[in-house]
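J.: give me the fold of what follows.
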Amino acid sequence: MSASSLPTVVVSAPLPADLRERLAARCSIIDVPAGQSPAQTLDAAQREALVGILCTMKTRIQRDELAALPKLKVVSNFAVGFDNIDVPAATEANVLVCNTPGVLDKAVADLTLGLLICLARNMVGGDAFVRSGQWARGAAPLTSDIRGKTLGLLGMGRIGREVARMACALGMEVIYHNRSHDEAAEREGLAQYRERDALFAESDFLSVHIPLSPSTRHGIGKREFSLMKPSAYFINTARGGVVNEAEMIEALKTGVIAGAGLDVMETEPLPGDHPLCSLSNVVLQAHVGSATVETRRAMIDLAAQNLLDAVGGTKPAAMVNPAVWEAGAAKA
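T.: Numbering: from 1, shown residues only. The predicted model follows:
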């Protein structure tokens, strides 16, 4: 097949050389830097020919973008989240949206438990204690066990269940709130269901595992923090926007809650002069839940395969709006 007859795709995500070679064998690739609009970057002929986009969360695919790309078939996100894409508009335009669930569950769960242990044992403070020479003047302050403590999970999807398994193995009691009961998890003894307010009130550690959407944005704020124990810790490895950050900071400053472990924030990258950076009871990470060599490779493999499958007429493994695929299959 000549290069001119290959389907045209935009790549706005980092591709390993071997994966790029595999993609180039079946598609004509146009590179667009992450975060730039394909519709604004491409010329008229390229926009007319484009059938697929492989991108990160930095690339916004909204209604006007979709309208400018008349032959677009698929947007494959190199991420589990997809709040960078107007999914209803994509569905209306018969554009399939794909993502990379499943392959990062364990890595995010690892980081979640890492933040939990770091908070309970004050490991960041302990490191500073040793480096500053304070150890020579006396013993470090006592910290807290996690065994026997209650971990509350807001959201019980794949990552939530993985966190629950790890927490149970560490001797924690696990409770959860979800839109629906996870009967399988309950039968396994992984977690017990609680109403939302009870989850916040009972938890020694409250960990967030819900997607960002119009209905969840700023859904955790002053009211929820006021329900928590003063000794409780808040952990978020989901999306920064699900929390009212200003109200969380106030709760941390005034001792409404004991501390927080955050991998996600409303503003990313977080500037060094941000109020969160000055709080000693907060452990911060740079949105690295999936940032291991093995996990990122599995994610880009899946994202690229989703793109190739959709462009080639094969059902992709991970679809956000499968109705688009089903409608096309019905017509075929």
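
J.: so Leu19 touches Leu302, yeah?
T.: No: if you go by Cβ atoms under 8 Å, Leu19 and Leu302 don't touch, sitting 10.9 Å apart. C-beta: built from backbone N, CA, C; applies to glycine.

J.: the more surrounded of those two?
T.: Using other Cβ atoms under 10 Å as the criterion, Leu19 and Leu302 rank with Leu302 on top: 22 against 16.

J.: let me know the helix or strand that that one is in.
T.: helix 293-312 (DSSP states H and E).

J.: I'd like the next helix or strand past that helix.
T.: Per DSSP H and E, the first helix or strand lying C-terminal to helix 293-312 is helix 322-331.

J.: chain center to stretch 121-134: distance?
T.: Chain-centre distance of stretch 121-134: 30 Å, with Cα atoms, centre = their mean, to the nearest Å.

J.: mind checking the pLDDT average for that stretch?
T.: Mean per-residue pLDDT for stretch 121-134: 96.

J.: what's that stretch in contact with?
T.: Here stretch 121-134 makes contact (Cβ atoms under 8 Å, 6 or more residues apart in numbering) with Ile117, Cys118, Trp135, Ala140, Pro141, Thr143, Ser144, Ser280, Val283.

J.: export these to TSV and append columns for neighbour count.
T.: Below are these laid out as TSV (neighbours: other Cβ atoms under 10 Å):
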residue	neighbour count
Ile117	15
Cys118	20
Trp135	12
Ala140	12
Pro141	9
Thr143	14
Ser144	13
Ser280	11
Val283	22
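
J.: TSV for these, including secondary structure?
T.: Shown next, in TSV, are the contacts of stretch 121-134 (DSSP: H, G, I helix; E, B strand; the rest coil):
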residue	secondary structure
Ile117	helix
Cys118	helix
Trp135	helix
Ala140	coil
Pro141	coil
Thr143	coil
Ser144	coil
Ser280	coil
Val283	strand
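
J.: let me know the closest of the residues you listed to Val97.
T.: Val283 (33.2 Å; Cβ to Cβ).
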